[in-house]
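K.L.:
With the input below, show me the fold.
(chains A and B)
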Amino acid sequence: MAIARVHLDASKCVTSGQCVLTAPEVFDQREEDGVGMVLTDTPAPELLDRVREAAAGCPAAAIRLLHQPSARVAGG
Amino acid sequence: MSQLSSELPAFPMAKAKGCPLDPPPEYARLRADRPVAKARLWDGKEVWLITGYDEIRSIFTDPRISVDNTQPGYPWLSEQARTVVLTGGVKPVGRMDPPEHTAMRRMLGQGFLVKKIQNMRGDVEALVNGLIDDILAGPRPADLVTALGMPVPSTALGWVLGVPPADKRLISLVPRLFDEDSGLEGAMEARAELFAYIDELITHRESEPGDDIISHLVGYYQKGELSRNSVLTQAVTLIAAALDTTRSMITNGILALLQHPEQAAALIEDPDLVPAAVEELLRYTVVTEFSSKRVAAEDIEIAGETIKAGDGIICLISAGNRDEKVFTDPDTLDVRRDARQHLGFGAGIHTCIGKQLARMELEVVYGTLFRRIPGLRLAVPFDQLVFRNTFDVQGVRELPVTW
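P.N.:
Here you go, the predicted structure:
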């Protein structure tokens, strides 16, 4: 099964806060400069639609949802 | 197919008679035939007009497109605008390209934290309720430009900037800065007063910092990361960008709801509709038509046209917001639609820095006004309203209402 990982490129962020408004369970802003940060990079499946919305709505296109295959269990 | 330069349409374009807040009818034809088209400006220069929603978004998010207004191809709409805007020589955040822009947004970011804006909501509600108390206690008709449109954004921005609450000078400067009655000379005088006033605030925050934008900028200045002149320019820019636009958006939105009483009634009946109504009103009643000007830094291909490096570009957001490919029945105001993808705050990295504050103010005003004064109506016929379009912000000069 694939695990969805949230990635936010802080170097691109323009501090609009769009992600925090869209998915506050997953994103927050750094107090000192408003740059977005990921609170949990593997959010619960029911939050993924809103993470996708946050990624699509990010003005700096700084958020990506990466799908990674889960680590294989030896012998599995 | 290329356009012959002799037949290029002149820009700006005329509005339909009796529809001063609607986009010119020509925009719809352009959007259908040629969403990226050339036109001719007052000075004879050619400019690319972008009228399609997708094309506007594409320009707003393309790193090969610059906002630098010192480039020779940058499209100015008058000699006066060029002179006034370029006076001073320090770039405001909205005219910076990355990486300078990204760094500047961070210096301003702390003042616009989502949590901070959300925490201001109770104060904005108290402010708006107090202003509505005054309206109800005062004579009829009341002018909502003076009674709500001016005090709400100037007071709220004052809190964010760090203006002492008892200091009403910012509020009193606004009409003189932005109203046609002041004339160029009056506006330049008010501008000089505003610079002197903000300069005073900066001096005050150098010794007594608080948790506000001017104090944060002063902190970067004291660390040597920003010039004092830039602190001044950024603070003045925030005021110039925030106050007149929000004032007009508040009153244009109220006017649109007064003209569509069934939509206002829906908001009274179901207050949960208010956030969606704010987005729809931002889509439907754009207050700045020509503010999204750009210049190409490289050649780009878009919608079958080639925009050459150095060419000027104007993204017509009021045209994009009425694009039928994105919004069904776009010329209808419908507070129940999902209009969140509108271009009212721009898009891409230059998206309005104060948009969460503006949204909150609009939610509180629209949500409170119609609930508290359900019989609100225009006190004069629509065609007797006087409209203005000063420094590219369009709205009513007065909004007389009764109840």
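K.L.:
and the closest residue to B:Ala190 other than its chain neighbours, how many neighbours?
P.N.:
Excluding the flanking residues, the one nearest B:Ala190 by C-beta to C-beta, 6 or more residues apart in numbering or on different chains is B:Arg176, at 4.0 Å. (C-beta placed from N, C-alpha, C; glycine too.) B:Arg176: 16 surrounding residues under other C-beta atoms under 10 Å in any protein chain shown.
K.L.:
For the closest residue to chain A within the stretch 51-200 of chain B, which non-adjacent residue is spatially closest?
P.N.:
Closest residue of the stretch 51-200 of chain B to chain A, C-beta to the nearest C-beta: B:Gly109 (2.5 Å). Spatial nearest neighbour of B:Gly109, excluding adjacent residues (C-beta to C-beta, 6+ apart): A:Gly34 at 2.5 Å.
K.L.:
need the contact list for the one you found.
P.N.:
A:15, A:17, B:105-106, B:108-110, B:112-113 (C-beta atoms under 8 Å, 6 or more residues apart in numbering or on different chains).
K.L.:
Now do B:Pro165 against B:Leu108, distance only.
P.N.:
Here the criterion is C-beta to C-beta, to the nearest Å. By it, B:Pro165 lies 22 Å from B:Leu108.
K.L.:
neighbour count winner among those two?
P.N.:
Neighbours per residue (other C-beta under 10 Å) separate B:Pro165 from B:Leu108, with B:Leu108 holding more: 23 against 8.
K.L.:
hang on, isn't that one packed against B:Gly354?
P.N.:
No - the criterion here is C-beta atoms under 8 Å, and B:Leu108 misses it with B:Gly354 at 9.3 Å.
K.L.:
Overlap in contacts, those two.
P.N.:
Joint contacts of B:Leu108 and B:Gly354 (C-beta under 8 Å, 6+ apart) are B:Leu238.
K.L.:
and B:Gly130, what element?
P.N.:
In this structure, B:Gly130 is located in helix B:121-137 according to DSSP states H and E.
K.L.:
can you check B:Val295 too?
P.N.:
Per DSSP H and E: strand B:293-296 holds B:Val295.
K.L.:
hmm, stretch B:313-329 touching chain A?
P.N.:
No - judged by C-beta under 8 Å from any C-beta of the partner chain, stretch B:313-329 and chain A are separated, with a smallest distance of 13.9 Å.
K.L.:
where does chain A have low pLDDT?
P.N.:
A:1-2, A:68-76 (pLDDT under 70).
K.L.:
what about 90?
P.N.:
A:1-4, A:41, A:67-76 (pLDDT under 90).
K.L.:
all helices for the stretch 1-150 of chain B, in order.
P.N.:
Assigned by DSSP state H, counting those that start in this stretch, the stretch 1-150 of chain B shows helices spanning B:26-33, B:53-60, B:79-86, B:100-109, B:114-119, B:121-137, B:144.
K.L.:
looking at these, which one has the lowest mean pLDDT?
P.N.:
Among those, helix B:79-86 has the lowest mean pLDDT, at a mean of 77.
K.L.:
can you give me how far that one is from the chain middle?
P.N.:
18 Å (C-alpha atoms, centre = their mean, to the nearest Å).
K.L.:
and it, what does it pack onto?
P.N.:
Applying 3 or more C-beta pairs under 8 Å, 6 or more residues apart in numbering or on different chains; DSSP states H and E, one finds that helix B:79-86 contacts helix B:183-207.
K.L.:
Look up phi and psi at A:Ile63.
P.N.:
A:Ile63 adopts backbone torsions of phi -110, psi 130, taken as degrees, to the nearest 10.
K.L.:
show me the contacts for it.
P.N.:
So A:Ile63 contacts A:6-9, A:19, A:36, A:51, A:54-55 (C-beta under 8 Å, 6+ apart).
K.L.:
neighbours around A:Val14, how many?
P.N.:
A:Val14 has 27 nearby residues by other C-beta under 10 Å.
K.L.:
B:Pro92 now?
P.N.:
Neighbour tally, B:Pro92, other C-beta under 10 Å: 19.
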